[in-house]
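Student: generate a structure from the sequence data that follows.
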Amino acid sequence: MSASSIPRIHPLWVRLAHWLNALAVTVLVLSGWRIYDASPLFAFELPRELTLGGWLGGAIQWHFAAMWLFAGNGMVYLAANLLGRRLFRRFFPISLSALLADLAAALRGQLSHADPGRYNAVQRLAYLFVMVDSLLLVLSGLVLWKSVQFPFLRELLGGYETARRVHFLAMAGMVGFVGIHLLMVALVPRTLLTMIRGR
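Tutor: Numbering: from 1, shown residues only. You can find the predicted model right below:
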């Protein structure tokens with residue numbers, strides 16, 4: 001079977017958005033951990049070897065650079081998904097019965113990956129979660145960056161200190177998603193090739 005006869009699963013724009021997001025999230029998390037360590041919210045700090053930036057000022061510079069990439073890439077991705085109606089075709093509908101059945105199959109290691117072009121209910125929920133989580137990261141990040149300029153948003157998130165906690169928990173959610181995502185890729189490695197080649 002020739003490469004041209006294999007159906008395309010991920011168009012080029014999806015693959016570019018995926019890899020740009022992977023870069024942005026990696027830089028944001030590692031620099032964010034350095035920023036967190038400068039003023040911890042909880043009774044722990046993260047190992048310096050897992051952080052980026054070296055010092056607070058350097059970490060903030062990395063964080064801001066990756067923030068623009070993350071937000072810009074996210075807006076383009078969301079707009080393309082909405083305009084092309086891909087969002088509705090790929091991620092909806094989700095029924096509770098399908099979600100529970102797919103989750104049970106996943107926990108037993110029996111979730112089928114026969115059709116790599118179709119997301120199961122667990123994947124749909126996970127990808128919708130990460131879209132909402134990304135939005136929460138951006139909004140809470142705006143409050144932390146420009147609190148005075150966004151008073152309504154600051155109050156909507158419960159004030160500056162609450163926004164810090166929201167930002168941290170949303171980041172933890174993103175790290176959890178990435179960890180599960182990488183585990184699934186390790187279990188079904190052809191999904192990585194699909195995200196590189198599109199087929």
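Student: low-confidence ranges in this structure?
Tutor: 1-7, 112-117 (pLDDT under 70).
Student: which residues in it form helices?
Tutor: 12-38, 56-83, 86-91, 96-107, 121-145, 151-156, 160-187, 190-197 (DSSP state H).
Student: other SSEs contacting the last one?
Tutor: Contact here means 3 or more CB pairs under 8 Å, 6 or more residues apart in numbering; DSSP states H and E; on that basis helix 190-197 packs against helix 12-38, helix 160-187. Placement of C-beta: from N, CA and C, glycine included.
Student: now those in a markdown table, with distance to Y127 and mean neighbour count?
Tutor: Below are the helices and strands packed on helix 190-197 laid out as a markdown table (distance: least, CB to CB, whole Å; neighbours: other CB atoms under 10 Å):
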| stretch | distance to Y127 | mean neighbour count |
| --- | --- | --- |
| helix 12-38 | 11 | 18 |
| helix 160-187 | 9 | 15 |
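Student: of all these, which one is nearest L136?
Tutor: With CB to CB as the criterion, L136 lies closest to helix 160-187 of these, at 4.5 Å.
Student: could you find the closest non-adjacent residue to the residue nearest to the spatial centre of the chain?
Tutor: Among the residues of the chain, the one closest to the centroid is V130, at 4.7 Å (CA atoms, centre = their mean). Nearest non-adjacent residue to V130, counting by CB to CB, 6 or more residues apart in numbering: F177, 5.0 Å away.
Student: would you check that the one you found makes contact with L128?
Tutor: No: contact status for F177 versus L128: not in contact, 11.1 Å apart, counting by CB atoms under 8 Å.
Student: can you lay out the helices and strands packed on helix 190-197 as TSV showing distance to M75?
Tutor: Formatted as TSV, those follow (distance: least, CB to CB, whole Å):
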stretch	distance to M75
helix 12-38	10
helix 160-187	17
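Student: related to what we said a few turns ago, for the residue nearest to the centre of the chain, give its distance to V25.
Tutor: Taken as CB to CB, to the nearest Å, the spacing of V130 relative to V25 amounts to 10 Å.
Student: what do those two both touch?
Tutor: M174 (CB atoms under 8 Å, 6 or more residues apart in numbering).
Student: just checking, L12 touches I196?
Tutor: No: counting by CB under 8 Å, L12 stays clear of I196, with 11.2 Å between them.
Student: and F129, how far is that from M171?
Tutor: 14 Å.
Student: now F88
Tutor: Applying CB to CB to F88 and M171 gives a distance of 28 Å.
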